[in-house]
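[1] Just a sequence and a predicted model for now, questions to come.
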Amino acid sequence: MLLIPYGYRKRIAFLSNLASVAKQQSFCRAGLMGLAECIASVARGNDSEVEWGEDAFLVKLEIASESFPQHDKTSLLDVLRFVIESSKQHFNPNYRFRVCEKVIEAAASVVCTFEVPLQILLHFISTLPREFTDYGGCGKKHCSANCCNTEDKLLMSLHDFPKRFTSCHYLVDAVLTYDDEDLEAWEFEAKRWARVLFLAIKEEHHLISLFTFIQNYGTIICKQNNDLEWIPVKFFIITLSLVLELQIMKERAAECGTKVRSKSEFSMLETVVRLNYKEAAILFEKFAKAFLLILVLRTDYIKPVNVSAEELVSFANMSCSIFSPSIMMEDVALPSSVRGKLGGPSQRRLSSSTTTAVLQAVTAMKCVAAISSWCAKFESDILLNTSFSFLWRFFLKTISSPSCDSETGAEICLAAYEALAPVLKALVSMFSPQHLDTIRENDKFLLPKVEGAPLLDSLALLFLQNVNNLLTVGVLARSRRAVLMNWKWLCLESLLSIPSYAYVSGLHVEDRICFFSDAALRLIFTDLVESLENAGEVSVLPMLRSVRLALRLFARGKFGSVVSSCSGVDVQVNSQLQC
């Protein structure tokens, strides 16, 4: 039987007390670094106390498990997390990373990942800067190593999370509703889980359970009963968190595949290990195939079963019926403000049941858009034509919906534009010359097309007209109009990005495809310039990016066919922009 050194127990107690000092007083840069160094030194202890052999890690687990109760380990992680939070008040990223490295070193020395509740572990790791734990980050090796060494118990807990997360605990006669705050809390929880999941997985078979969950829930999502409203929206949130984490990994993998970070001013952060991009690409493709199973039926990946061809698209289409103009919504008496709450995002002026239906539709469209955009990076255009057509039709329906003269109707229109922003962003990333026929085929049912007319002219002008009408009709509260303005500029930025993506995707100048007329582009540019002066903080960046895109289109129009009969920006418009 292993004898636990008495000194080790004393060191654990002293470490907890030492880390708690950060809660009792503030430290300057040198002081906090000194504290972090002391914490790491105490956690390491005297190596002569225990003789470490091949199974040193298992010995350390036994020591740590018996030394102090679980709640003490939870408390220790809490005070260590506070040390990390304290480092964020200093602006030097290298300094913050070094403090984090010392804290992680200490935590890994005395606490094993499976010995604390999963939520505590997720909360602790979420405190670390993204750059510290992402691929190529200087702290990833510490987090991954500790997660990997205890992979059986930790992975089991991580694999059980999606089922626990999506399970619906409710009273029999209860009406299930949720609002933006609930959604935000669920998204935060799911993002923390996805971040730790990709730190823990090391082998392909670690993902089998997750792929099974995606397929089982994704292919039967339309068959859920109406009283299980939490299950679909939580499944969408889980899926969105996975796609977001994969996108971050892909960006970091691309960066690390082309360069190694230069030597830092701190010797502990000299270089980072390159990510094997080929292995990462295989992982990305496997997720694309798994997502595609719930988006469109792939008989070469699964055996024919009793599932509809486009489960996720079908469910999103059904959820978006709330945006239909034919559905009459009566205004209900709502308070002018929410009592007991100051600041924060503006509240939707809708009843609880309508808010739930709207949020489900918005989240479903975000999920379809995110999955379609991700799969388009790895799969052929033919397989994604269904989702592209669906997303494009949603764009056409949204911009062609008539303005509402009631506050409830206007709020629902606002939610439709909220869903349109990620849809347009996905359409831009998916755009290719093969989709031109799909666009023309759908557009002819909305507006009569003139031979040789610019492809996006009528759509962009109709979009601006309807959004501006909704803003000027006066039924939306001022705070809600500000929210609508933000979605307007995000959508406009995506529309102006389509020509650039089209040429990157293989469209040739010789094809003589014109996207905007000079008159339409001038109208868009004028709207942008006139709105910049009174723009909200969140709208400034998308507006400036739109200005840059418009100027580029003007410049290209002089030498190509992106803009028809372009005469550039005149002195008057240019002076407006400078003012």
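    Cool, the structure landed.

[2] rest of the way, CA atoms for contacts and neighbours
    Noted.

[3] Now do the contacts for Ala410.
    Contact partners of Ala410, counting by CA atoms under 8 Å, 6 or more residues apart in numbering, are Ser403, Cys404, Leu470, Val475, Leu476.

[4] which ones among the residues you listed are found in helices?
    Cross-referencing the contacts of Ala410 against helices under DSSP state H gives Leu470.

[5] How about Gln360: what's its closest non-neighbour residue?
    Leaving aside its sequence neighbours, Gln360 sits nearest to Val233 (CA to CA, 6 or more residues apart in numbering; 5.9 Å).

[6] sorry, that was for Asp405
    Counting by CA to CA, 6+ apart, the residue nearest Asp405 is Val475, at 6.6 Å.

[7] Help me confirm that the one you found comes into contact with Ser403.
    No - Val475 is beyond contact range of Ser403, at 10.4 Å (criterion: CA atoms under 8 Å).

[8] For the residue nearest to Gln360, the count of nearby residues, please.
    23 (other CA atoms under 10 Å).

[9] what helix or strand is it on?
    helix 230-258 (DSSP states H and E).

[10] same question for that helix, mean pLDDT?
    For helix 230-258, mean pLDDT is 86.

[11] what about dumping the CA coordinates of the following helix or strand past that helix to CSV?
    Downstream of helix 230-258, the first helix or strand assigned by DSSP H and E is helix 277-295. Output of helix 277-295 as CSV, limited to C-alpha atoms (Å, rounded to 0.1, in the frame of the first residue of the first chain):
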residue,chain,number,x,y,z
TYR,A,277,-2.5,20.1,-40.5
LYS,A,278,-3.1,16.8,-42.3
GLU,A,279,-4.5,15.3,-39.1
ALA,A,280,-6.6,18.4,-38.5
ALA,A,281,-8.0,18.3,-42.0
ILE,A,282,-9.1,14.7,-41.5
LEU,A,283,-10.9,15.7,-38.3
PHE,A,284,-12.6,18.6,-40.0
GLU,A,285,-13.8,16.4,-42.9
LYS,A,286,-15.3,13.8,-40.5
PHE,A,287,-17.3,16.5,-38.8
ALA,A,288,-18.5,17.8,-42.2
LYS,A,289,-19.7,14.3,-43.1
ALA,A,290,-21.5,14.0,-39.7
PHE,A,291,-23.2,17.3,-40.1
LEU,A,292,-24.1,16.6,-43.7
LEU,A,293,-26.0,13.5,-42.5
ILE,A,294,-28.5,15.6,-40.8
LEU,A,295,-28.6,18.3,-43.5
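
[12] just checking, what packs against helix 277-295?
    Identification of packing neighbours for helix 277-295 by 3 or more CA pairs under 8 Å, 6 or more residues apart in numbering; DSSP states H and E yields helix 208-219, helix 230-258, helix 311-319, helix 352-376.

[13] wait, Val233 sits on Val362?
    No - in this structure Val233 lies outside contact range of Val362 using CA under 8 Å: 9.7 Å.

[14] Which parts of the chain belong to which domain?
    1-111, 135-312, 380-578 (automatic domain parsing).

[15] Test my guess that Ala200 contacts Met156.
    No - the criterion here is CA under 8 Å, and Ala200 misses it with Met156 at 10.7 Å.

[16] For those two, indicate the residue with more neighbours.
    Ala200 (23 against 13).

[17] Quick check: which ranges of the stretch 351-500 of the chain have low pLDDT?
    380-383, 442-452 (pLDDT under 70).

[18] What of the stretch 1-150 of the chain?
    Using pLDDT under 70, the stretch 1-150 of the chain drops low at 1-9, 46-71, 135-150.

[19] relative to helix 352-376, how tilted is the host helix or strand of Leu183?
    Assigned by DSSP H and E, Leu183 belongs to helix 180-200. Put simply, helix 180-200 runs at 30 degrees to helix 352-376, going by axes from the mean of the first three to the mean of the last three CA atoms, to 10 degrees.

[20] Which other helices and strands does helix 180-200 contact?
    Secondary-structure packing of helix 180-200 (3+ CA pairs under 8 Å, 6+ apart): helix 118-127, helix 140-149, helix 151-166, helix 230-258.

[21] and that helix, which residues are buried?
    183, 186-187, 189-200 (16 or more other CA atoms under 10 Å).

[22] Format the helices and strands packed on helix 180-200 as CSV; extra columns: distance to Ser352.
    Shown next, in CSV, are the helices and strands packed on helix 180-200 (distance: least, CA to CA, whole Å):
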stretch, distance to Ser352
helix 118-127, 29
helix 140-149, 41
helix 151-166, 21
helix 230-258, 14
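
[23] Quick check: Cys514 is in a helix.
    No - looking at Cys514 with DSSP: H, G, I helix; E, B strand; the rest coil, it is coil, so not inside a helix.

[24] Counting neighbours, what do you get for it?
    Residues near Cys514, counting by other CA under 10 Å: 20.

[25] Could you report the neighbour count for Phe165?
    17.

[26] Would you point out which residue is most central in this structure?
    Most central in the chain under CA atoms, centre = their mean is Leu244, positioned 4.2 Å from the mean C-alpha point.

[27] Now do that one against Glu251, distance only.
    11 Å (CA to CA, to the nearest Å).

[28] just His205 next, same as before
    24 Å.

[29] Same drill for these two, tell me which one is more crowded.
    Shown here are His205 and Glu251; by other CA under 10 Å, Glu251 has more neighbours (12 against 9).

[30] Highest mean neighbour count across the helices and strands packed on helix 277-295, which stretch is it?
    helix 352-376 (a mean of 23; mean count of other CA atoms under 10 Å).

[31] centre of the chain versus it, how much separation?
    12 Å (CA atoms, centre = their mean, to the nearest Å).

[32] now for that helix, which elements pack on it?
    helix 230-258, helix 277-295, helix 311-319, helix 385-400, helix 407-430.

[33] what angle do it and helix 230-258 make?
    Using the same axes, to 10 degrees, helix 352-376 lies at 30 degrees relative to helix 230-258.

[34] can you give me the helices in the stretch 1-150 of the chain?
    Assigned by DSSP state H, counting those that start in this stretch, the helices in the stretch 1-150 of the chain fall at 6-19, 21-24, 29-44, 56-67, 70-87, 93-110, 118-127, 130-133, 140-149.

[35] Using CSV, please lay out those together with distance to Ala460.
    Shown next, in CSV, are those (distance: least, CA to CA, whole Å):
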stretch, distance to Ala460
helix 6-19, 57
helix 21-24, 54
helix 29-44, 52
helix 56-67, 62
helix 70-87, 45
helix 93-110, 42
helix 118-127, 40
helix 130-133, 37
helix 140-149, 45
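
[36] looking at the ones you listed, which is buried most?
    helix 93-110 (a mean of 22).

[37] starting at the chain centroid, how far to that helix?
    Per CA atoms, centre = their mean, the centroid offset for helix 93-110 relative to its chain is 26 Å.

[38] orientation of that helix relative to helix 70-87 in degrees?
    Using the same axes, to 10 degrees: helix 93-110 against helix 70-87 is 170 degrees.

[39] Next up, the contacts around Leu492.
    Ala460, Ser546.

[40] Report the buried residues of the helix or strand where it lies.
    Taking DSSP H and E as the criterion, Leu492 maps to helix 478-504. Using 16+ other CA under 10 Å as the test for burial, helix 478-504 gives 480-499, 501-502.

[41] Over to stretch 376-393?
    Of the residues in stretch 376-393, those buried (16+ other CA under 10 Å) are 376, 381, 383-393.
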